[in-house]
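Trainee: got a sequence here, can you build the structure:
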Amino acid sequence: MLYLAALLLCIWFWRRNFKDSTLWMLATYAGVGLLLWRDYDSASTLNEAIPRIVRDFMLIGMVGLVQSLAVARRVPIWLAIVIILGIFVAAHFLQGMAGPGALEASNAPALPADAEFLVEAKEGPAGQAFAQDAARLGWTITPAFQPQDAASTYLDNYFVVDVADVALAESQLAGLASVAYFEPNEIIVAEPLVAEPVEANKQNPALGINDPDTDQQWAMEALNMDAYYRLLASQTPRKKARIAILDTGVDAAHEDLRANYFSVESKYDNDPMGHGTHCAGIAAGVTNNGIGIGSLAGTGRGAFVEVTSIKVLGSGGMGTQKSIIAGIIEAADEGVDVISLSLGGPSNQSRQQAYSQAIKYATRHGAIVIAAAGNSNRDAANYSPANAQGIIAVAAIDQHLLRAPFSNKVNNLAQGIAAPGVAIFSTTPNSKYAAYSGTSMACPFVAGLLGVMRSVNPDLTAAQAYRILQQTGKDGAETAYTGRIVQPAAALQAALSR
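Mentor: Predicted coordinates:
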C-alpha cells in the first residue's frame, strides 16, 4: 500500500508540473514516516531494529535528494519518478532481507542432512502406494500416530520418514502422487531452568488460604486471587476437570501435588529435569493444605481439578514434533479437559498442519489446548506449536504487568492471552520449591484457570473459553503485544453465568 501511494504521488507530481511541489514532498515524507513507524513498532530487539533504522534513514535521504534535484530541474521529471520508484523497490527488497520473517527464519533450527519428515499419505488407494514409494527410494518409514478415533482425523495417515539426504528427499516427496503433505519433524527443546530470587509479599497472607509460601507468590496479588478464592469457596464442582501437563514429566509424589495427581502411566510420574513439575504446581498445586503454595486449583465444596503428566520431552528437555503431537493425541484419548504445552521453538514451516490437525482432534474430543508463546522476544507467529490453528498462546508479564523482556509477542496470533511469567514460585522434584521465569510458567496459570472453568461449566467449549478470557481480561501497558492479562475471578464468574 505504501509503495502504491508513492507511485500515485509521483504521477500526481508529473501532472501538476511542479505546482504545489512542497505539498507533494511533505506527503511523500509522511509516507516514509509511516514506514518508519510500522518498522519500529514491529521490531522486537535492537539487533532486529538496526537494519531497519539504517535502511529507513537511507530511504529518507535518497528520496529527499531526488525530490530536491527534480524541484531544481537538475533531473527530468520522468527520471525522478523512475529513481524514486527504484528506491522504494529496493526498500521493499531490503525489508524482505532484514524484516522479522527473515530474522525468525535465521533462528529456526537447522535440520541435519540426514533427518526425519512427518509425511501425510493420501487417503485411500493413492495413499496406500506410499509404502511402496518409500521402499523404492530407500527410506525407512514408521506410522507416526495411533489415535483411538481414527475415523475422525487424518492423523493415522502420518508416517515418520527417515531420509539420508534432506534436500533430495524434499524434492522427491513433492513429486509423489501418494503424498498429501509433509513437513520436517522439528526438534523441540525446553529452555534450561534458572532459579530466580523472590521478594516476599506480606500482603498475600490475607488470601484466606493457609499455604505458608504464598508470600513468595507475587502473582496472587496481581491476579486478584483473593476474590477468586472467595468466589470458588462458595462453588460446588459439577465435575473434576482433568489437566494434562505435556512436558518432562511430573514428580507424582510431591507433597503439594500428590493429592491432586492422577496417573496415566507410571513412566510419566517422575521428572528428572523439573520443568514439568514446576508447571504442574502452578496449574494444580494442592491449595489450603497448610503446605507449600496456593494454585489456581483453589478450594471449595469438593475438588475442582486433578492433574496428570504425559512425557513428550526427554530428561534433557528435548523432544520432537512427533512426540509432542503423539502426546496431544494421547491426552485427548484419555479424555482430559485441558492440555498444557509449556514448550516450543522457532519453526521451519509457515504452516503447522500436523499440529493443527492434532489440536483439532483434541478439541473435537473435548480438550482445550494452550501453549507457551516462547521466550525469544520475537513474534510467536513464527514459533510452534503456539502458531498452530486452534491453540491459545500465552505470553508472559512481569511484576509491573509489563511484557517480560524475553516473552514472544502474540499480536499476530488468533488467540493470544497473558499471565505472570517472571520469578514464579512453584513446586520442583523431591518436594522442593523454586522460582523460575518463562512463558512456560505463564502457560499453566491459564491451564489451571481453564480447568476450574470447565469444572463448574463442563459444557464450555474451547472457543467459548478463550472468549471469556479475552472479554474478562485486564489491559496492560503492552496489551497490543501480550493480549489481555487473565483475571481469574472475572473469568470464573463468566463461566458460571453461561
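Trainee: next, the buried residues of stretch 255-271.
Mentor: Using 16 or more other Cβ atoms under 10 Å as the test for burial, stretch 255-271 gives 255, 256, 257, 260, 261, 264, 268, 269, 270, 271. C-beta here means a position set from N, CA and C on the backbone, and glycine is covered the same way.
Trainee: identify the residues contacting that stretch?
Mentor: 242, 244, 247-253, 277, 280-281, 284-286, 289, 291-293, 297, 303, 305-311, 330, 334, 427, 429, 431, 433 (Cβ atoms under 8 Å, 6 or more residues apart in numbering).
Trainee: quick one: which of the buried residues of stretch 255-271 is nearest residue 82?
Mentor: residue 271 (64.4 Å; Cβ to Cβ).
Trainee: just give the nearest non-adjacent residue to the closest one, would you?
Mentor: Leaving aside its chain neighbours, residue 271 sits nearest to residue 249 (3.9 Å; criterion: Cβ to Cβ, 6 or more residues apart in numbering).
Trainee: mind listing what the one you found touches?
Mentor: Contacts for residue 249 were tallied using Cβ under 8 Å, 6+ apart; they are 268, 269, 270, 271, 272, 273, 276, 277, 309, 311.
Trainee: filter those residues down to the ones in helices?
Mentor: The helices, defined by DSSP state H, take in 276, 277 from the contacts of residue 249.
Trainee: which of the contacts of residue 249 sit farthest apart?
Mentor: Checking the contacts of residue 249 with Cβ to Cβ, the most distant pair is 269 and 273, at 14.2 Å.
Trainee: just to revisit the earlier point, among the contacts of stretch 255-271, which are in helices?
Mentor: 277, 280, 281, 284, 330.
Trainee: what is the burial count for the second one?
Mentor: Okay, so that is residue 280. 35 (other Cβ atoms under 10 Å).
Trainee: so where's the stretch 1-150 of the chain shaky on pLDDT?
Mentor: 1-60, 89-115 (pLDDT under 70).
Trainee: how does it look with 50?
Mentor: Applying pLDDT under 50 to the stretch 1-150 of the chain flags residues 1-3, 15, 40-49, 94-112, 114.
Trainee: related to what we said a few turns ago, among the contacts of stretch 255-271, which are in strands?
Mentor: 242, 244, 247, 305, 306, 307, 308, 309, 310, 311, 427, 433 (DSSP state E).
Trainee: what's the closest of these to residue 480?
Mentor: For the ones in strands among the contacts of stretch 255-271, the nearest to residue 480 is residue 247 (29.7 Å; Cβ to Cβ).
Trainee: and the nearest residue to the closest one once chain neighbours are set aside, how close does it get to residue 441?
Mentor: Once flanking residues are discounted, residue 247 sits nearest to residue 276: 3.2 Å by Cβ to Cβ, 6+ apart. Residue 276 is 12 Å from residue 441, where distance means Cβ to Cβ, to the nearest Å.
Trainee: quick check: neighbours shared by these two?
Mentor: residue 342.
Trainee: hang on, residue 213 packs against residue 289?
Mentor: No: the pair residue 213 / residue 289 is not scored as a contact, 11.6 Å apart, by Cβ atoms under 8 Å.
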